[in-house]
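> missing the sequence, but the structure's below:
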């Protein structure tokens, strides 16, 4: 369906950071084919016309690190240290998780992401075929990994291979499958080396949790004599546009390696704050030319999947961390949530509003008190906007939410099934 959006503030996030008022966006065959002023008779050339008067249109948000099915653990284990949270609460509950529960957890996550303006996400978990099936219905764009832990190739790696064969490039290219070793503390070194070799032989990227806490780094140095970043570099695990989640406890030498290897860092400010993991040196990494994107992490450690909240938190954190109010300004942090996220996920035609790009767009209702006066629409979105302002969501040229109603998922059914699954899961 060809769509015309008209009368909008258009935030392109292109190289020039162009913003247009009273602008139109034309969508044809899932691609943006026009950006400009309204022309007499334009409506007749499109199947649908959406009036965006009083609204802003920007690229869809890209969540570069999450664990979607962990919405089932939201508010279950709070106010704990990371390793206690993982090993005493989350991992034992995950051992009980089945594929049906994983499906509905992912459905809840994708419902939440769409309603808050996320159009693409990067996920690492298990029962990932169920997450892919939800994507087929929801219309979301996703990069998925079966999380890998342990000492050697086993059923988990076999599931990863099967996931790749069945779903990579599926749903008209909306789904991409990559490798997902969990971390240096849940995989043996020999296993990490084998996964890295597979990645380098096949050209399939990998994502991994990396240097999330000082304790992780300290334990790695005691065990292997080097930091997690140096360890992964020594076995060739940072060569294929790796997505490294967190990178909180990294030093200057680590940052040099990340830059040299072209690693994509997925910054998760909300989760890092809640778990007291620390503040990632994002400003320093960006100055080195490292591509830094934004993620929410799982809803069990955040506790939501609100990317606009992450945008604001990321900016504020760097200002405090650098003792500099100019650190991570509006344009830069918006690009972390869009352009940089798309680059990290290997999505070449997503992240900006330009002719020829895929139509992954969100429309925000800016007829709210906190958007006035209208000095700077981007500043208003970052510093005073809310995810509840998201009115309409278009992914791959298809309207998946309109006037706040998700069209591709049954919202009430999801709430019912999630409550049923949560009671069953915690009652075992």
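Looks like it arrived, so ask away. Since we're looking at a predicted model, the values are computed, not measured.
> Every contact and neighbour count from this point should use C-alpha atoms.
Fine.
> Got the domain ranges for this protein?
With automatic domain parsing as the criterion, the domains of the chain are listed as 3-59+357-406, 61-344.
> and the longest one, what's its mean pLDDT?
The predicted model gives domain 61-344 an average pLDDT of 97.
> next one: that domain to chain centre, how far?
Once both centres are worked out by C-alpha atoms, centre = their mean, to the nearest Å, domain 61-344 turns out to sit 8 Å from its chain's centre.
> re earlier: any idea which of the domains of the chain gets closest to residue 417?
Checking the domains of the chain against residue 417 by C-alpha to C-alpha gives domain 61-344 as the closest, at 6.6 Å.
> center of this structure, which residue is that?
Centrality entry for the chain: nearest residue to the mean C-alpha point is residue 63, 1.3 Å, by C-alpha atoms, centre = their mean.
> quick one: the strands in the stretch 151-300 of the chain?
Ranges of strands in the stretch 151-300 of the chain, per DSSP state E, counting those that start in this stretch, are 175-177, 180-181, 207-210, 243-246, 264-267, 291-294.
> can you list contacts of the shortest one?
Among residues not part of strand 180-181, those counted as contacts by C-alpha atoms under 8 Å, 6 or more residues apart in numbering are 124, 145-149, 187, 192, 195, 206-208.
> how close does the closest residue to residue 236 other than its chain neighbours get to residue 189?
In space, and not counting its chain neighbours, residue 236 is closest to residue 196: 6.0 Å by C-alpha to C-alpha, 6 or more residues apart in numbering. Between residue 196 and residue 189 the computed distance is 10 Å (C-alpha to C-alpha, to the nearest Å).
> between those two, which one's more packed in?
residue 196 (25 against 18; other C-alpha atoms under 10 Å).
> isn't that one right next to residue 234, touching?
No. Taking C-alpha atoms under 8 Å as the contact criterion, residue 196 and residue 234 are not neighbours in contact, 10.5 Å apart.
> ok so, going back, closest one to residue 413 among the domains of the chain?
Taking C-alpha to C-alpha as the criterion, residue 413 comes closest to domain 61-344 out of those, the separation being 9.6 Å.
> What is the end-to-end distance of that closest one?
This stretch, domain 61-344, spans 13 Å end to end (C-alpha to C-alpha).
> before we move on, back to that, export the contacts of strand 180-181 to CSV and append columns for neighbour count.
Below are those laid out as CSV (neighbours: other C-alpha atoms under 10 Å):
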residue, neighbour count
124, 27
145, 30
146, 27
147, 23
148, 28
149, 21
187, 17
192, 26
195, 23
206, 25
207, 33
208, 24
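> Which ones among these lie within helices?
Those of the contacts of strand 180-181 mapping onto helices are 192, 195, per DSSP state H.
> Return the member of the contacts of strand 180-181 nearest to residue 13.
Comparing every one of those with residue 13 (C-alpha to C-alpha), the shortest separation belongs to residue 207, at 25.8 Å.
> Nearest spatial neighbour of the closest one, chain-adjacent residues omitted?
Leaving aside its sequence neighbours, residue 207 sits nearest to residue 243 (C-alpha to C-alpha, 6+ apart; 4.5 Å).
> shouldn't that neighbour be in contact with residue 206?
Yes. With contact defined as C-alpha under 8 Å, residue 243 and residue 206 form a contacting pair (6.4 Å).
> Tell me, what's the model's pLDDT at residue 428?
57.
> what's around residue 52, how many residues?
For residue 52, which is what you asked about, the neighbour count (other C-alpha under 10 Å) is 24.
> Could you measure from it over to residue 116?
The value you get for residue 52 to residue 116, if C-alpha to C-alpha is used, is 18 Å.
> now do residue 415
Distance, residue 415 to residue 116, by C-alpha to C-alpha: 17 Å.
> now do residue 98
In this structure, residue 98 and residue 116 are separated by 27 Å, where distance is defined by C-alpha to C-alpha.
> Compare those two (neighbour count), which wins?
The residue with more neighbours, out of residue 98 and residue 116, is residue 116; 27 against 13, by other C-alpha under 10 Å.
> I'd say the more buried one and residue 309 touch.
No. Counting by C-alpha under 8 Å, residue 116 sits too far from residue 309 to count as a contact (9.8 Å).
> which neighbours do those two share?
By C-alpha under 8 Å, 6+ apart, residue 116 and residue 309 have these common neighbours: residue 387.
> ok, which stretches of the stretch 1-150 of the chain are strands?
According to DSSP E, counting those that start in this stretch, the stretch 1-150 of the chain carries its strands in the segments 3-11, 19-28, 31-36, 48-51, 55-59, 61-66, 118-125, 141-148.
> average pLDDT for the third one?
Across strand 31-36, the average pLDDT comes to 97.
> OK, contacts around residue 284?
Residues touching residue 284, when contacts are defined by C-alpha under 8 Å, 6+ apart, are absent altogether.
> roughly how far apart are it and residue 340?
Separation of residue 284 from residue 340 (C-alpha to C-alpha): 16 Å.
> now swap in residue 1 and tell me
Separation of residue 1 from residue 340 (C-alpha to C-alpha): 28 Å.
> Who has more neighbours out of those two?
Under the criterion of other C-alpha under 10 Å, the comparison of residue 1 against residue 340 puts residue 340 first, with 27 against 12.
> What sits closest to that one if chain neighbours are left out?
Spatial nearest neighbour of residue 340, excluding adjacent residues (C-alpha to C-alpha, 6+ apart): residue 293 at 5.1 Å.
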